[in-house]
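A structural model of the following input is requested.
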Amino acid sequence: MAVPINQFPNLRPKSYDQLRTEVKSGDILMCQGSGIFSQMIQKVTKSVWSHVAFVMKLEEIDRIMVLESVEPIGVRTVPLSHYVRDYKNGKGYPGKVLVARHDAFADVTEKKLHKMAQFAVDRFGYPYDKDEIARIAARITLGLFGLKKGKANWDQEYICSEYAWECYRSVGIDIAYDERGFIAPRDFARATGVKAVAAVKVER
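Numbers count the residues shown, from 1 in each chain. The predicted structure is shown next:
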């Protein structure tokens, strides 16, 4: 049984070359960033996690792609090697990176995976929802005063977790969102069926 990933697991980081043989389409990329914006997300959601994405293996071109929504760009895709070696200024991602996997993906057929890929690609270029972090903070604050429930209502602007949530839902995998009406990276880490696969050795 998978254990909620509330902290970065104590795993020996694996190189990109090692990961290439282990990573599967649909795997989750959990990030513990160290930048100012990452720290803000961690603080607002009271979690070590600041970003979530997922990967697709493109056998035809021998690439592993990360699909994500990032501030300030929005929805995009980059090679996983970009995360490891050249995220910014010739260095890898500024923080820790974990590959996780949802047990339910064992039942996702090639047809469903194709559908998920189409759904994800059709949203490339959608803007990042820069105001959602503030809304999450407000909902958490209201929760302290007894207002605990809210309805999730995503639009065509995405923070990282909203984009990943909708893509997973397109193949029938439903990550439980916070009862106050938002989805955050931490909700993927603590979702039933999600387990750590490997820590990523990021080049500095």
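
mean confidence score for whichever strand or helix holds His82?
Here His82, judged by DSSP states H and E, is contained in helix 80-85. Averaged across helix 80-85, pLDDT comes to 95.

with stretch 46-60 instead?
On average, the pLDDT along stretch 46-60 is 95.

list the buried residues of it.
Residues Ser47, Val48, Trp49, Ser50, His51, Val52, Ala53, Phe54, Val55, Met56, Lys57 are the ones in stretch 46-60 that count as buried (16 or more other Cβ atoms under 10 Å). The C-beta positions use only the backbone N, C-alpha and C, and glycine is treated the same way.

go through the helix holding His82 and flag the buried ones.
For helix 80-85, by 16+ other Cβ under 10 Å, it's Leu80, Ser81, Tyr83, Val84.

again with stretch 90-107
In terms of neighbour count (16+ other Cβ under 10 Å), stretch 90-107 has its buried residues at Gly92, Tyr93, Gly95, Lys96, Val97, Leu98, Val99, Ala100, Arg101, His102, Ala104, Phe105.

for beta bridges, what are the partners of the fourth one?
When bridges are called by DSSP bridges, Lys96 pairs up with Gln32.

wait, it sits on Pro9?
No: taking contacts as Cβ atoms under 8 Å, Lys96 lies outside contact range of Pro9: 10.0 Å.

picking up where we left off before, can you redo the buried residues of helix 80-85 as TSV with distance to Gln32?
Output for those, formatted as TSV (distance: Cβ to Cβ, whole Å):
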residue	distance to Gln32
Leu80	17
Ser81	20
Tyr83	13
Val84	15
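
mind listing the helices for this structure?
Secondary structure of the chain (DSSP state H): helices located at 16-19, 36-45, 80-85, 110-121, 132-143, 160-169, 185-189.

let me have those helices in JSON lines, extended by distance to Glu71.
Output for those, formatted as JSON lines (distance: least, Cβ to Cβ, whole Å):
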{"stretch": "helix 16-19", "distance to Glu71": "25"}
{"stretch": "helix 36-45", "distance to Glu71": "6"}
{"stretch": "helix 80-85", "distance to Glu71": "16"}
{"stretch": "helix 110-121", "distance to Glu71": "18"}
{"stretch": "helix 132-143", "distance to Glu71": "9"}
{"stretch": "helix 160-169", "distance to Glu71": "9"}
{"stretch": "helix 185-189", "distance to Glu71": "13"}
